[in-house]
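Asks: Whatever this is, show me its structure:
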Amino acid sequence: MYKYDGLVIYQNHDDEGVLEVVEKNGIRSLHFGSSSRQSSITLNNPESLQLAYTRAMASWLLFKETVDDALIIGLGGGSLARHLLYHFPECRLRAIEYRASVVKIARSHFGLPLDSRLKVIVGDGGSYVHQHAQTCSDQYSLILIDAFDFEGMAQSIASITFFNACKILLKQDGILVINLWGTETNLCGSCLHWLEQVFNDKVLILPVRNRGNMIAVAFNQDVLRYEMKDLRPWAIELEQQYQIEFPKFLKDFNKHNSCSIQAVIKK
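Replies: Below is the predicted model:
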């Protein structure tokens, strides 16, 4: 069967709705009952980041060379998790995914490895963060949030209390990256406002070119302030290493953060 201009190789449903895996031109994608791709991998290079928004979420590498402990809210097909595990051998990774069916598909169809460095928990990401912030702090150097279903952003993460809890879990030099859907204007604006409040305006936005996604990057209090003259050659070096368009990210950070960029980057 063909759908979304590709061959459907898996189709099922759970209590949350339809799950489909579609292949086209060597790219395998996860769909939640619509044409929007929730996750994609290139079959001949599965550790690369295929989707533009996931590459934009890797923009944190402009500001931090490596990562030790990381938290992912929203596993999807596991492309972000695979990327971290592949490129950072010392990384210990915890991923929270609401749908057990999605975890199974990430394992069976997207090659998410059984790796001692990775712990996958089936549960609500917002509840997990709130609960652990009550007993833990300074735990993660990186938090990646990509919690969407076919209706939009998960409601449990759409509050200032959620971002406050994330900050508690972040190390003092930690970075939080979240995928927002720019067409949800009110919710996107609210999330950005909450992030600016929680992280004292040390927040940069990165609109994904030719897509509806908006990536926000928030910096905890001990993250260094960077020099633009140092970041430009570093972006070129990163592009060569990861085959990700870091120079464009740096240019877009500069373009879309005219007021806030000085809090993070010295021009």
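Asks: Helices of this protein, start to end?
Replies: 52-57, 79-87, 100-108, 125-133, 160-169, 185-198, 228-242, 246-256 (DSSP state H).
Asks: looking at the ones you listed, which has the lowest confidence?
Replies: When the helices of the chain are compared on mean pLDDT, helix 185-198 scores lowest, with a mean of 90.
Asks: in stretch 66-78, what counts as buried?
Replies: For stretch 66-78, the neighbour count (16 or more other C-beta atoms under 10 Å) marks Val67, Asp69, Ala70, Leu71, Ile72, Ile73, Gly74, Leu75, Gly76, Gly77, Gly78 as buried. Quick note: C-beta positions are derived from backbone N, CA and C, even for glycine.
Asks: how close does the last one sit to Gly189?
Replies: Look at Gly78 and Gly189: by C-beta to C-beta, to the nearest Å, they are 30 Å apart.
Asks: on that earlier part again, so which of the buried residues of stretch 66-78 sit within strands?
Replies: Asp69, Ala70, Leu71, Ile72, Ile73 (DSSP state E).
Asks: Give me the nearest residue to the fourth one, chain neighbours excluded.
Replies: If you skip the residues right next to it in sequence, Ile72 has Ala95 as its closest partner in space, 4.2 Å away by C-beta to C-beta, 6 or more residues apart in numbering.
Asks: who does that neighbour bridge with?
Replies: Note on Ala95: beta-bridge partners by DSSP bridges are Ile72, Val120.
Asks: Quick one: residues contacting it.
Replies: By C-beta atoms under 8 Å, 6 or more residues apart in numbering, the contact list for Ala95 reads Leu71, Ile72, Leu75, Gly78, Ala81, Leu118, Lys119, Val120, Ile121.
Asks: can you do 10 Å?
Replies: 70-76, 78, 80-81, 84, 103, 106, 112, 118-122, 125, 144 (C-beta atoms under 10 Å, 6 or more residues apart in numbering).
Asks: quick one on the thing from earlier: out of the helices of the chain, the one nearest Val21 is which?
Replies: helix 100-108 (6.4 Å; C-beta to C-beta).
Asks: List of residues touching the closest one?
Replies: Taking C-beta under 10 Å, 6+ apart as the rule, helix 100-108 contacts 10, 12-17, 19-21, 30, 32, 38-39, 74-79, 81-82, 95, 97, 99, 110, 112-114, 120-123, 149.
Asks: to the chain's geometric centre, what's the distance from it?
Replies: From the chain centre to the centre of helix 100-108 is a distance of 18 Å (C-alpha atoms, centre = their mean, to the nearest Å).
Asks: what does stretch 205-213 give?
Replies: Worked out by C-alpha atoms, centre = their mean, stretch 205-213 lies 13 Å from the chain centre.
Asks: And that stretch, what's buried?
Replies: Quick answer for stretch 205-213 (16+ other C-beta under 10 Å): Ile205, Leu206, Pro207, Val208, Asn213.
Asks: Name whatever forms a beta bridge with the third one.
Replies: By that I understand Pro207. Here Pro207, judged by DSSP bridges, has bridge partners Met214.
Asks: mind listing what it touches?
Replies: Contacts of Pro207 by C-beta under 10 Å, 6+ apart are Ala56, Leu180, Gly182, Asn213, Met214, Ile215, Asp252, Lys255, His256.
Asks: before we move on, what about the second one?
Replies: For Leu206, the contact set (C-beta under 10 Å, 6+ apart) comprises 53, 56-57, 59, 177, 213-217, 248-250, 252-253, 255-257.
Asks: and with 7 Å instead?
Replies: Contacts of Leu206 were listed using C-beta atoms under 7 Å, 6 or more residues apart in numbering, and they are Ala56, Ser59, Ile215, Val217, Phe249, Asp252, Phe253.
Asks: and if you look at Ser137?
Replies: With the criterion set at C-beta under 7 Å, 6+ apart, Ser137 makes contact with Ile168, Leu169.
Asks: Name the nearest of the contacts of Leu206 relative to Thr161.
Replies: For these, the nearest to Thr161 is Val217 (20.5 Å; C-beta to C-beta).
Asks: Next, the contact list for the closest residue to that closest one other than its chain neighbours, please.
Replies: Leaving aside its chain neighbours, Val217 sits nearest to Leu204 (4.9 Å; criterion: C-beta to C-beta, 6+ apart). With contacts defined as C-beta under 7 Å, 6+ apart, Leu204 is in contact with Val217, Phe253, Asn257, Ser260, Ile261, Val264.
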